[in-house]
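# Following is a predicted model, sequence given first.
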Amino acid sequence: METRSCGVRHMCTLTLLLVSVCPLCCRASWMRLGLTPTGPPEDQDQDCADVPLSPRQKDLCRKKPFLLPGVQSGARLAVSECQSQFRHERWNCSTTEDASVFGHELTSGTKETAFIYAMMAAGLVHGVTRSCSQGNMTECSCDTRLQGGGSQVEGWHWGGCSDHIQYGIWFSRKFIDNTVKNTSKTSGGYTLSTMNQHNSETGRQAIVRTMATHCRCHGVSGSCAVKTCWKTVAAFEHIGAYLKERYEHSVQVSDRSRRKVRRKDQRRLPVDTHQLIFFNKSPNYCLADRRRGVAGTRGRRCNRTSAGSDSCVLLCCGRGYNTHLVRHVQRCECKFVWCCYVHCRRCESMNDMHTCK
């Protein structure tokens, strides 16, 4: 009995040690839904117990299971757009095989952490809001609050099916945010949790700030004597570009847990919700670092003639690059032959491809 008790104590000690050293490796994140493959709707049906959610999120999912497809769609949008926006950068929004999805970047307190949380929150709002407008859910549909308003003088009125963005924002806050209160106004600093919460709200406000207005003309022979207008969320690539600009102008703030080493250039006052905030400077991401989950840029494809972030000088961090001759085969000079097929030639070309050393 004593031996068994000792073994249990050793196991508990080991588990606590693992959790303290690598907390993200020991719990799954809802962000992993962004890596699930797309397919026919009947192949995507999942139960709330089968997806990587926290206990609080699973409880919400069980109460509102019809929102799960919107959550999955939003997560996929966010991960895909993050990788698109950073495809030419040293950090290319790479994902990991472990449960945390983004590895060390989720807890590093850098600009990259800020962007991830903002993008995931924005994706969730977008996914749920579009599901509402498409009639996929019984609890929400179009936003009718604007209907009936407009300008009689200018000949237009609000109508149609405006996206119910307020419902999407409400659900995103309920699903993502912790119950911890942001105390930065009184304590002179942020914690990692309140920093992530702030950046998540910045992502939600990005949806609000990029909403588009669409109108349809009515009248004899298309005279547009009257217009019906409605609001929709913007295409997600526009939201990604907006948040990428916020990333470039993000603000460094003080870490409340390390107030004694606060830098002079760190903000002491609260910042607006449209600004991304971070604690720590980013690594250069040039060399692989397993401990920090940095993949490095070795082997990445670069552009020898570019002056931007995808240039071989910047992306390869001054290490130089290798040049490979690559054969490219494609169909060309296609012609329609009566009847009824298209005849094409097979064209080959040789192109230089440059990869970082």
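Yep, it's here. In this text, all values refer to a predicted model and were calculated from it rather than measured experimentally.
# what sits against the closest residue to V326 other than its chain neighbours?
Excluding its sequence neighbours, the residue lying closest to V326 (CB to CB, 6 or more residues apart in numbering) is M353, at 4.7 Å. For glycine as for every other residue, the C-beta is placed from the backbone atoms N, C-alpha and C. Applying CB atoms under 8 Å, 6 or more residues apart in numbering to M353 gives the contacts 301, 323-326.
# where does M350 land in three-state SS?
strand (DSSP: H, G, I helix; E, B strand; the rest coil).
# R87 too?
coil.
# tell me the pLDDT at the residue lying closest to A288 once chain neighbours are set aside?
In space, A288 comes closest to G296 once its chain neighbours are excluded; the distance is 3.5 Å by CB to CB, 6+ apart. Predicted confidence (pLDDT) at G296: the value is 90.
# how many other residues sit next to G296?
Look at G296: counted by other CB atoms under 10 Å, it has 15 neighbours.
# Just the element for it, please.
In this structure, G296 sits in neither a helix nor a strand according to DSSP states H and E.
# how about it, phi and psi?
Phi and psi for G296, reported as degrees, to the nearest 10, are phi 80, psi 180.
# same check, this time on H343
With angles defined as degrees, to the nearest 10, H343 sits at phi -110, psi 130.
# I'd like to know how many residues surround it.
For H343, using other CB under 10 Å, the count is 10.
# Neighbour-wise, give me the winner out of the contacts of M353.
In the contacts of M353, the most neighbours by other CB under 10 Å go to R301, 16 neighbours.
# Can you give me the pLDDT of that residue?
Residue-level confidence at R301 comes out at 93, pLDDT.
# Just to check, it is in contact with V326?
No: judged on CB atoms under 8 Å, R301 makes no contact with V326 at a distance of 10.4 Å.
# Need the pLDDT of K181.
At K181, the pLDDT value in this model is 53.
# quick one: low-confidence ranges for the stretch 1-150 of the chain?
Applying pLDDT under 70 to the stretch 1-150 of the chain flags the ranges 1-28, 38-46, 146-150.
# Now with 50, please.
1-8, 10-26, 42-43 (pLDDT under 50).
# ok, the closest residue to R298 other than its chain neighbours to S80 distance?
Distances taken as CB to CB, 6+ apart put C356 closest to R298, at 5.7 Å, once the chain neighbours are dropped. C356 is 24 Å from S80, where distance means CB to CB, to the nearest Å.
# returning to what we had before: next, the residue nearest to R298: phi, psi?
Torsion angles, degrees, to the nearest 10, at C356: phi -70, psi 140.
# Would you check that my belief about it contacting R300 is correct?
Yes: with contact defined as CB under 8 Å, C356 counts as touching R300 (5.0 Å).
# Quickly list what's touching both of those two.
Shared contacts of C356 and R300 (CB under 8 Å, 6+ apart): 315-316.
# three-state assignment of E333?
strand.
# could you check the distance from it over to C347?
Applying CB to CB, the value for E333 to C347 is 7 Å.
# mind listing the helices for the chain?
2-21, 41-44, 55-63, 68-85, 111-133, 165-176, 184-187, 192-209, 236-248, 312-315 (DSSP state H).
# Give me the helices and strands touching the fourth one, please.
Helices and strands in packing contact with helix 68-85 are listed as helix 41-44, helix 111-133, helix 236-248; criterion 3 or more CB pairs under 8 Å, 6 or more residues apart in numbering; DSSP states H and E.
# Reformat these as JSON lines; add distance to R291.
Putting those into JSON lines (distance: least, CB to CB, whole Å) gives the following:
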{"stretch": "helix 41-44", "distance to R291": "36"}
{"stretch": "helix 111-133", "distance to R291": "16"}
{"stretch": "helix 236-248", "distance to R291": "24"}
